[in-house]
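# With the input below, show me the fold.
(chains A and B, ligands or ions: 2)
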Amino acid sequence: MSIALSAATEARWQKILDAYPEGRKRSAVIPMLIFAQDETGIITRELMEEIARRAEVDYLQVEEVVGFYSMLRKQPLGKYHVQVCTNISCMLAGGMELWHHACESLHLKNKQTSADGLISIEEVECMGACSWAPAVEVNYDFHHHVTPERFDEIILELKGKG
Amino acid sequence: MFNPPSPHEVKILTRRFGVQNSHTIDASLAHQGYDGLKKAIAMGADAVINEIKASALRGRGGAGFPTGMKWSFIPRTSPKPKYIVCNADESEPGTCKDRLLIQNDPHSLIEGIAIAGFTMNSNRGYIYVRGEYRYLIYILETAIAEAYKHNLLGQNILGTGWNFDLFVHSGAGAYECGEESALLNSLEGKRGTPRLKPPFPATHGLYQSPTLLNNVESFCAVTHIIRDGAADFAKHGPEKSGGTRLMCISGHVQRPGVYEMPLSTTLPFLINEVGGGLRPGRTLKAVQPGGSSSPILLPEECNVGLDFDSLAKAGTMAGSGGIVVLDDTADIVAYALRIIRFYQHESCGWCIPCREGTTWLKKILERLNQGEGTMKDVDLVGELAKNMFGRTFCALGDAAAWPTGSIVKKFRGEFETKLAAVQARQVPAELVNIG
Ligand SMILES: Cc1cc2nc3c(=O)[nH]c(=O)nc-3n(C[C@H](O)[C@H](O)[C@H](O)COP(=O)(O)O)c2cc1C
Ligand code: FES
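Ligands and ions are numbered 1, 2, ... in the order given. Below is the predicted model of the structure:
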């Protein structure tokens, strides 16, 4: 095959492909994309071609969904993607101020990545933490009731982990 | 991490929250887990559907459709495969309850889906989980594996000869995929755009086969309804809105949180007694009682019940159970803009009234929020919203137009004040260039 993925991602792909009825492998495309992206960081042409082959669909059928779903991306982001919600519940709890704080303290704009590739930020829509607002999600980890001070701590922890 | 419970809660769906390791099958089985499934098998499909009808359960995903009636629409004897699909896409702003249900009691959801599978004579189910909820996918996969080990999923379940496989499917970020037909397209590996209805998913759903699609909380409610009987659930709400629901209160209250409350609860009780009231010295400005898609209520309209019919009568909706409270510090113009920015971003682009409508609403509201424009622009927002409503392919357009229209109608004064305040402070650009 043209791209090498870890054994864990391969196993995950197999699990996904096994989840749909005969002749319905197209259903596997989106989950395959997102789990692979977790490893590769971005979705490349080679990755889309590989998924098309495995799911037995046309390349374009993979390409067209990549453009539709906001979590799928062709541009790399940081190792830690810090997502700040500014939707209504978070906004009422200081989410907009938190977002501005994130931009200013990290000297980054929306969807930009730090020079060392470690941290990227994004202003996101409601992520299901409205009653514990404002909320931040780092990759897939939720943080609730995030103050600007707490935000700085989270960033320090991420930098510490490297 | 989450809010502490309230003494006013009626814990039916959340009864196992707080039990140690409540997400495991051992904890579930120690607390009557899967008793509902066993009872359903003993009762038979018709009795199950009648029980759900009697419970007056209405869909917790947003539309409030009577669940028992929806179940009765599925052609159970069709020779085609029948599918059970659970909507765990939870992305209506203001709503954060399905996440709690899955995290704390995944087996109550799996049991509800299994009851549906048995009732519909289905052999396959999917739980569509929004991509951002990755940790819940792992929790569900572990719980499903446990259920297989206990012969509660898989082959010849509990000796009945009935087989049922359940899978978890990850979304990848799109609010529109919460809409049932868009969800089905997405589950088939396509872009998440809506389908023309009819035909409805009940007959032509996943892979054009009969499909029962419900929200996470609806399935969880079924588990408890079948186990303890319809009457035990129905008694917590008015005649046509049975039971409890997980109410997500957020915004300007002292104890925001998710609380399981009877549907007979009133909005003032929820805000003041459960949510801890407003902060000291603050007054109420507005409430969105059913997520960001619901028309806004003025303080004088807030003396209302939180069941589906009472809120409909008040000109709004119970929706997904997200109750957003705004006090006098809230900037309603900025709030309206934030709502429309969301819908503009999430419009799937399939139909023109929604795609163009949300884009224009956003442009005008951005100007108004910056203090540019005139009161005529406020009227234009109202007109645009009115013209969008009911004219879009799916309800996303309505969800954008309805709250926006209500805000400009009810808070015209706030728009005036904001325009006047900003314009008093700054010299208009045209004048700067004159001298
Ligand atoms: C734009 C849009 C987004 C929706 N998002 C969700 C959602 O995130 N979760 C959900 O359960 N229902 C959502 N719905 C409602 C579903 O279309 C459907 O009515 C519901 O899942 C059915 O389940 P229920 O009868 O148990 O409520 C949405 C509807 C629309 C129009
Ligand atoms: S509004 Fe921010 S998590 Fe829901």
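# okay, CA-based contacts and neighbour counts for the rest of this
Will do.
# Who are the packing partners of the longest helix seen in chain B?
Using DSSP state H to define each element, chain B has its longest helix at helix B:352-369. Applying 3 or more C-alpha pairs under 8 Å, 6 or more residues apart in numbering or on different chains; DSSP states H and E, one finds that helix B:352-369 contacts helix B:332-346, helix B:375-388, helix B:396-410, helix B:412-425.
# for the ones you listed, which one sits closest to ligand 2?
helix B:332-346 (10.2 Å; C-alpha to the nearest ligand atom).
# so where's chain A uncertain?
A:1-2 (pLDDT under 70).
# Can you give me the neighbour number for the closest residue to residue B:146 other than its chain neighbours?
In this structure, residue B:146 finds its nearest non-sequential neighbour in residue B:25, 6.4 Å apart by C-alpha to C-alpha, 6 or more residues apart in numbering or on different chains. Using other C-alpha atoms under 10 Å in any protein chain shown, residue B:25 has 23 other residues around it.
# Centroid-wise, who is the farthest residue in chain A?
Distance from the C-alpha centroid of chain A, by C-alpha atoms, centre = their mean, peaks at residue A:22 (30.0 Å).
# What residues of stretch B:55-70 count as buried?
For stretch B:55-70, burial by neighbour count (16 or more other C-alpha atoms under 10 Å in any protein chain shown) applies to B:55-62, B:64, B:66-70.
# List the ones among the residues you listed that fall in helices.
Among the buried residues of stretch B:55-70, the members found in helices (DSSP H) are B:55, B:67, B:68, B:69, B:70.
# With respect to ligand 1, which of those is nearest?
Taking those together and measuring to ligand 1 by C-alpha to the nearest ligand atom, the closest member is residue B:67, at 6.0 Å.
# measure that closest one to chain A for me?
From residue B:67 across to chain A, the span is 24 Å (C-alpha to the nearest C-alpha, to the nearest Å).
# pretty sure residue B:219 is touching residue B:112, no?
Yes. With contact defined as C-alpha atoms under 8 Å, residue B:219 and residue B:112 form a contacting pair (4.7 Å).
# Now do the shared contacts for the two.
Shared contacts of residue B:219 and residue B:112, defined by C-alpha atoms under 8 Å, 6 or more residues apart in numbering or on different chains, are absent.
# Identify the residue nearest the geometric centre of the chain.
With no chain named, the answer covers chain A. Mean-position check on chain A, C-alpha atoms, centre = their mean. Result residue A:71 at 5.0 Å.
# look at chain B instead
In chain B, the residue lying closest to the centroid (C-alpha atoms, centre = their mean) is residue B:320, at 3.0 Å.
# does it sit in a helix or strand, and which one?
Here residue B:320, judged by DSSP states H and E, is contained in no helix and no strand.
# Also the one 3 residues further on?
Here residue B:323, judged by DSSP H and E, is contained in strand B:322-327.
# Export that strand to CSV, keeping only CA atoms.
The C-alpha coordinates for strand B:322-327 follow below in CSV (Å, rounded to 0.1, in the frame of the first residue of the first chain):
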residue,chain,number,x,y,z
GLY,B,322,-31.6,23.8,26.3
ILE,B,323,-32.8,26.8,28.4
VAL,B,324,-30.6,29.8,28.0
VAL,B,325,-31.2,32.7,30.4
LEU,B,326,-30.1,36.3,29.7
ASP,B,327,-30.0,39.0,32.3
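# Give me the contact status of it with ligand 2.
No. Strand B:322-327 lies apart from ligand 2 when judged by C-alpha under 6 Å from any ligand atom; the minimum separation is 9.3 Å.
# Any part of that strand near ligand 1?
No. Judged by C-alpha under 6 Å from any ligand atom, strand B:322-327 and ligand 1 are separated, with a smallest distance of 11.7 Å.
# Check whether that strand comes into contact with chain A.
Yes. Using C-alpha under 8 Å from any C-alpha of the partner chain, strand B:322-327 reaches chain A at B:324, B:326.
# What sits closest to residue B:44 if chain neighbours are left out?
Using C-alpha to C-alpha, 6+ apart and skipping residues adjacent in sequence, the residue nearest residue B:44 is residue B:119, 7.2 Å away.
# counting contacts, what elements does the helix or strand where that neighbour lies pack onto?
Assigning secondary structure by DSSP H and E places residue B:119 in helix B:106-120. Counting contacts by 3+ C-alpha pairs under 8 Å, 6+ apart, helix B:106-120 is packed against helix B:25-30, helix B:35-43, helix B:45-55, strand B:83-88, strand B:124-129, helix B:134-149, helix B:216-228.
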